[in-house]
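Undergrad: Predicted model, plus sequence, below.
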Amino acid sequence: MAKQETIANILKNIEQNWPESFEKYSPPKLRIHRLHDYFQQDLEKVISQHALQHADFGVLTTLRRAGEPYCLSPTELYSSMLLSSGGLTKVLARVTDAGFVERVDNPEDKRSKLVQLTDKGRGLIDVIIQELHLVDQQRLNVLSQQEKQQLDGLLAKMLTAWE
């Protein structure tokens, strides 16, 4: 993949060639977008080594964070993952075929099935998360502990405008 233009260079070019826009530009927003892209690339690199797609990873992490018995309805998964229901059906078929989840009877509604993380799926997602934590720690090591806490606080403050 070709190396992307730096944010510093993008901002310099905007200031020089589009000054009326530069006055209203948000360098932090550009940096957040770029960091998001880099974190996504790191995620894709790790999960692809385990033959998973992004949506598969989303299903496994959503079930894992649900706590024991790591079981949710498709509707609960759907609302946590922002996938179309058709998309979720395909993803569930793929992770079920791989043995990472299983469909179990819903004790409250015999017409529906729940999605439950298997031991194989739990083991895989636990390994992947550890690998991601190592990558994230390496990326964030450019910041001191105090800077990490400050960044987290600032980002949390910004998120309150949407959440």
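TA: That came in fine, so what should we check first? Numbering: from 1, shown residues only.
Undergrad: residue ranges for the strands of the chain, please.
TA: 71-72, 101-105, 113-117 (DSSP state E).
Undergrad: now, of those strands, which is deepest in the fold?
TA: Highest mean neighbour count of the strands of the chain: strand 113-117, a mean of 20 (counted as mean count of other C-beta atoms under 10 Å). (Each C-beta comes from the backbone N, C-alpha and C, glycine too.)
Undergrad: Off-centre distance for it?
TA: In terms of C-alpha atoms, centre = their mean, to the nearest Å, the gap separating the centre of strand 113-117 from the centre of its chain is 21 Å.
Undergrad: got it, and stretch 64-78?
TA: Distance, stretch centre to chain centre, for stretch 64-78: 16 Å (C-alpha atoms, centre = their mean).
Undergrad: And that stretch, what's buried?
TA: Using 16 or more other C-beta atoms under 10 Å as the test for burial, stretch 64-78 gives 64, 66, 70-72, 74, 77-78.
Undergrad: got it, and stretch 13-21?
TA: Ile14.
Undergrad: Give me the mean pLDDT for that stretch.
TA: Here stretch 13-21 scores 92 as its mean pLDDT.
Undergrad: what does that stretch contact?
TA: If you take C-beta atoms under 8 Å, 6 or more residues apart in numbering as the criterion, stretch 13-21 is touched by 22, 25.
Undergrad: Can you give me the first-to-last residue distance of that stretch?
TA: Across stretch 13-21, the terminal residues are separated by 11 Å (C-alpha to C-alpha, to the nearest Å).
Undergrad: chain center to it, what's the gap?
TA: 33 Å.
Undergrad: Next: stretch 144-159.
TA: For stretch 144-159, the distance to the chain centre is 19 Å (C-alpha atoms, centre = their mean).
Undergrad: Kindly export that stretch (C-alpha atoms) in CSV.
TA: The C-alpha trace of stretch 144-159 is given here as CSV (Å, rounded to 0.1, in the frame of the first residue of the first chain):
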residue,chain,number,x,y,z
SER,A,144,3.5,8.8,28.8
GLN,A,145,1.1,7.3,31.3
GLN,A,146,-0.1,10.8,32.2
GLU,A,147,-0.6,11.7,28.5
LYS,A,148,-2.6,8.5,27.9
GLN,A,149,-4.9,9.4,30.8
GLN,A,150,-5.2,13.0,29.5
LEU,A,151,-6.0,11.8,26.0
ASP,A,152,-8.6,9.3,27.3
GLY,A,153,-10.2,12.0,29.3
LEU,A,154,-10.4,14.4,26.4
LEU,A,155,-11.8,11.8,24.0
ALA,A,156,-14.4,10.7,26.6
LYS,A,157,-15.4,14.3,27.0
MET,A,158,-15.8,14.7,23.3
LEU,A,159,-17.9,11.5,23.0
